[in-house]
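1. Build the 3D model from these lines:
(one chain, ligands or ions: 2)
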Amino acid sequence: MIWNEPMECMSREDMRRLQSERLKRTVEHVYQNCEPYRKRMQEKGVMPHDIHSIDDIVKLPFTSKKDLRDYYPYGLLSVPISEIVRLQASSGTTGKPIVVGYTRNDLAIWAEVGARCFTAYGLTKKDVVQVSYGYGLFTGGLGAHAATEAIGGTVLPTSSGNTEKQIMLMHDLGSVALACTPSYALFLADALLDSGIPREEFKLRVGAFGAEPWTEGMRRDLESKLGIKAYDIYGLTEIIGPGVGHECVCQNGTHLCEDHFFPEIINPDTGEPLPPGQTGELVFSTISKDGMPLLRFRTRDLTSLNYEKCACGRTSVRMARILGRCDDMLIIRGVNVFPSQVESVICELPELEPHYLLVVDRVNNLDTLEVQVEVNEKFYSDEMTKMLELKKRITHRLQSVLGITPDVKLVEPRSIERSQGKAKRVNDKRKLQ
Ligand code: ADP
Ligand code: ZN
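-> Ligands and ions are numbered 1, 2, ... in the order given. Below you'll find the predicted structure:
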């Protein structure tokens with residue numbers, strides 16, 4: 001099912017034309033109404049009349065997370081505060097949060113892209129959607145909420161937490177879809193099992209999971225534990241929130257709503273654009289928002305883009321799974337390591353649960369990596385030899401994927417701290433030294 005066929009299945013040529021028009025309008029708008037952008041553009045020697053088509057986007061300056069902090073709270077708004085009907089914020093990494101303002105029209109765009117996502121997962125007005133993303137300043141809860149209302153579905157706004165009650169409501173009210181982070185979905189999967197209620201008594205069939213990186217292995221795990229189809233939903237506060245992109249039934253890449261958010265991939269070190277298919281940093285320009293449009297916003301997320309038409313019929317560009325954020329990359333003894341690489345190995349082995357923690361330290365000037373991972377209840381054994389053999393096998397596998405030898409620590413089932421929102425996968429003790 002496709003929510004907005006004219007937009008989602010437009011020819012590449014028409015899409016470029018639409019993007020060109022919208023970019024020109026956005027550049028004019030921010031130049032006239034947002035002082036920092038006007039100054040940046042003047043410094044770069046680029047004026048609105050230099051932007052003729054979407055190809056000219058490379059002439060424009062980048063925007064970074066730091067800019068959002070520097071102009072905190074309202075410096076990057078392109079409309080007066082009287083036009084803003086909603087504020088959201090993201091934690092950011094340190095210090096001040098990142099604040100984003102939405103006009104009424106921006107909220108309508110957010111609901112529209114959300115409706116595209118949920119429709120692509122096969123949801124309709126007949127379905128109850130349990131929104132277990134947190135509600136509040138975080139965009140997850142309210143974003144999935146608006147998406148459900150837009151398709152005419154029934155919102156069950158549980159927010160995150162209170163896990164037993166979540167399972168009771170999921171059962172009693174017949175939730176068909178669950179929207180939350182993949183790590184919270186795992187937590188709920190265990191709770192569902194603990195409840196002792198037979199799976200057939202639940203109507204759940206769709207997961208709308210995002211807000212943090214997750215792997216194919218994690219998808220398989222969630223699908224089998226929950227007995228559902230698990231779909232990716234991508235978004236970030238600065239651009240709009242969840243709904244910037246979504247998977248379709250083909251589950252072969254995350255379609256981006258590129259009539260609203262124009263994506264580019266750049267080399268994160270040089271800022272140079274990279275050709276389609278190459279992995280680099282994802283950059284977005286909002287080309288239809290009014291409240292706080294951003295030009296060439298550097299997301300820090302690493303992925304690649306595929307412009308081929310999808311078997312689902314959509315022509316919109318597809319993004320590969322996010323490898324992680326540039327900031328998540330650990331450099332251990334000079335080797336680049338992403339938590340998602342560890343996750344993909346863990347999910348391959350049936351003896352392991354997808355609950356893990358990377359502990360990084362520096363001992364005698366040498367970096368160390370310990371991978372703590374839970375062993376499945378069925379395999380958890382007091383038999384030393386069996387456990388040692390398993391440990392050896394995992395170490396070997398991780399070594400070949402990561403290029404360094406981690407110290408694997410097998411831990412008891414359910415001993416690693418669970419997350420109700422975004423999971424914390426890394427404890428880097430080097431930062432504290
Ligand atoms: P914060 O920066 O505080 O985490 P956000 O809630 O806006 O703020 O998070 C957006 C970020 O979450 C994205 O830039 C990306 O790193 C991550 N993210 C969101 N959705 C996904 C997804 N489906 N897959 C991987 N990462 C995701
Ligand atoms: Zn598709």
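2. The longest helix anywhere in the chain packs against which elements?
-> In the chain, assigned by DSSP state H, the helix with the most residues is helix 12-33. With contacts taken as 3 or more Cβ pairs under 8 Å, 6 or more residues apart in numbering; DSSP states H and E, helix 12-33 sits against helix 35-44, strand 280-286. Every C-beta, even on glycine, is put in place using the N, C-alpha and C of the backbone.
3. can I get the CA coordinates of the first one in PDB?
-> Think helix 35-44. This file holds the C-alpha atoms of helix 35-44, laid out as PDB (Å, rounded to 0.1, in the frame of the first residue of the first chain):
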ATOM      1  CA  GLU A  35      20.300  36.000  10.100                       C
ATOM      2  CA  PRO A  36      22.800  33.200  10.600                       C
ATOM      3  CA  TYR A  37      22.100  31.700   7.200                       C
ATOM      4  CA  ARG A  38      22.200  35.100   5.500                       C
ATOM      5  CA  LYS A  39      25.600  35.700   7.000                       C
ATOM      6  CA  ARG A  40      26.900  32.200   6.200                       C
ATOM      7  CA  MET A  41      25.800  32.500   2.600                       C
ATOM      8  CA  GLN A  42      27.300  36.000   2.300                       C
ATOM      9  CA  GLU A  43      30.600  34.700   3.700                       C
ATOM     10  CA  LYS A  44      30.500  31.900   1.100                       C
END
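4. Isn't Gln372 up against Lys409?
-> Yes - judged on Cβ atoms under 8 Å, Gln372 makes contact with Lys409 at a distance of 4.7 Å.
5. More neighbours: those two, which one.
-> Gln372 (17 against 13; other Cβ atoms under 10 Å).
6. okay, the helices and strands packed on helix 12-33, which one's buried deepest?
-> strand 280-286 (a mean of 24; mean count of other Cβ atoms under 10 Å).
7. Thought His145 was touching Tyr135, still the case?
-> Yes - the pair formed by Tyr135 and His145 meets the contact definition of Cβ under 8 Å, at 7.5 Å.
8. Can you work out which residues contact both of these two?
-> Pro157 (Cβ atoms under 8 Å, 6 or more residues apart in numbering).
9. Looking at those two now, which is surrounded by more residues?
-> Using other Cβ under 10 Å, the more surrounded residue of Tyr135 and His145 is His145, with 21 against 17.
10. Let me see the contact set for that one.
-> Contacts of His145 by Cβ under 8 Å, 6+ apart are Val131, Tyr135, Val155, Pro157.
11. try Arg397
-> Val345, Glu348, Leu349.
12. Swap in 10 Å and give it another go.
-> Shown in contact with Arg397 (Cβ atoms under 10 Å, 6 or more residues apart in numbering): Val345, Ile346, Glu348, Leu349, Val408.
13. Could you do Leu305 as well?
-> Applying Cβ under 10 Å, 6+ apart to Leu305 gives the contacts 253, 256, 258, 263-265, 274-280, 282, 317-320.
14. out of the residues you listed, which are buried?
-> By neighbour count, with 16 or more other Cβ atoms under 10 Å, the contacts of Leu305 hold Gly253, Leu256, Glu258, Pro263, Glu264, Ile265, Leu274, Gly280, Leu282, Val317, Arg318, Met319 as buried.
15. Which ones among those map onto strands?
-> Judged by DSSP state E, strands contain the following of these: Leu256, Pro263, Glu264, Ile265, Gly280, Leu282, Arg318, Met319.
16. I'd like to know how many residues surround Leu388.
-> Neighbour number of Leu388 under other Cβ under 10 Å is 11.
17. Quick one: the ones in strands among the buried ones among the contacts of Leu305 as CSV, columns for distance to Leu178 too.
-> Shown next, in CSV, are those (distance: Cβ to Cβ, whole Å):
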residue, distance to Leu178
Leu256, 23
Pro263, 27
Glu264, 33
Ile265, 31
Gly280, 32
Leu282, 26
Arg318, 24
Met319, 23
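18. contacts for the helix or strand of the chain with the lowest mean pLDDT?
-> Least confident helix or strand of the chain, by mean pLDDT, DSSP states H and E, is strand 324-325 with a mean of 90. Around strand 324-325, the neighbours that count as contacts under Cβ under 10 Å, 6+ apart are 93, 212-213, 281-282, 299-303, 330, 337-341, 343, 425.
19. and the very next helix or strand once past it, what other elements does it pack with?
-> Following strand 324-325 in sequence order, the next helix or strand is strand 330-332 (DSSP states H and E). Counting contacts by 3 or more Cβ pairs under 10 Å, 6 or more residues apart in numbering; DSSP states H and E, strand 330-332 is packed against strand 335-337, strand 352-363, strand 366-375, strand 426-428.
20. quick one: buried residues of the last one?
-> By that I understand strand 426-428. Val426, Asp428.
21. That strand near ligand 1 at all?
-> No - applying Cβ under 6 Å from any ligand atom, one finds strand 426-428 out of contact with ligand 1, separated by at least 13.9 Å.
22. and that strand, what does it pack onto?
-> strand 330-332, strand 352-363, strand 366-375.
23. Just send those strands back as CSV, with mean pLDDT too.
-> What follows is the helices and strands packed on strand 426-428, written out as CSV (pLDDT from 0 to 100):
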stretch, mean pLDDT
strand 330-332, 94
strand 352-363, 96
strand 366-375, 96
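24. Contact residues of the stretch 51-200 of the chain facing ligand 1?
-> Checking the stretch 51-200 of the chain against ligand 1 by Cβ under 6 Å from any ligand atom, the hits are Ser90, Ser91, Gly92, Phe138, Thr139.
25. and if we set it to 5 Å?
-> Residues of the stretch 51-200 of the chain lying close to ligand 1 by Cβ under 5 Å from any ligand atom are Ser90, Ser91.
26. give me the low-pLDDT residue ranges for the stretch 51-200 of the chain?
-> 92-94 (pLDDT under 70).
27. if we can go back for a sec, residues bridging contact with Gln372 and Lys409, i.e. touching both?
-> Tyr356, Leu357, Val359.
28. How many residues are close by the last one?
-> Which is Val359. 16.
29. can you check Ile228 too?
-> Neighbours of Ile228 under the rule other Cβ under 10 Å: 20.
30. Identify the residues contacting it.
-> Counting by Cβ under 10 Å, 6+ apart, Ile228 makes contact with Val176, Ala177, Leu178, Ala185, Ala189, Phe202, Leu204, Arg205, Val206, Gly207, Phe209, Leu222.
31. try it again with 6 Å
-> Contacts of Ile228 were listed using Cβ atoms under 6 Å, 6 or more residues apart in numbering, and they are Leu204, Arg205, Val206, Gly207.
32. Equivalent analysis for Gly143, please.
-> Neighbour list for Gly143: Gly241, Pro242, Gly243 [criterion: Cβ under 6 Å, 6+ apart].
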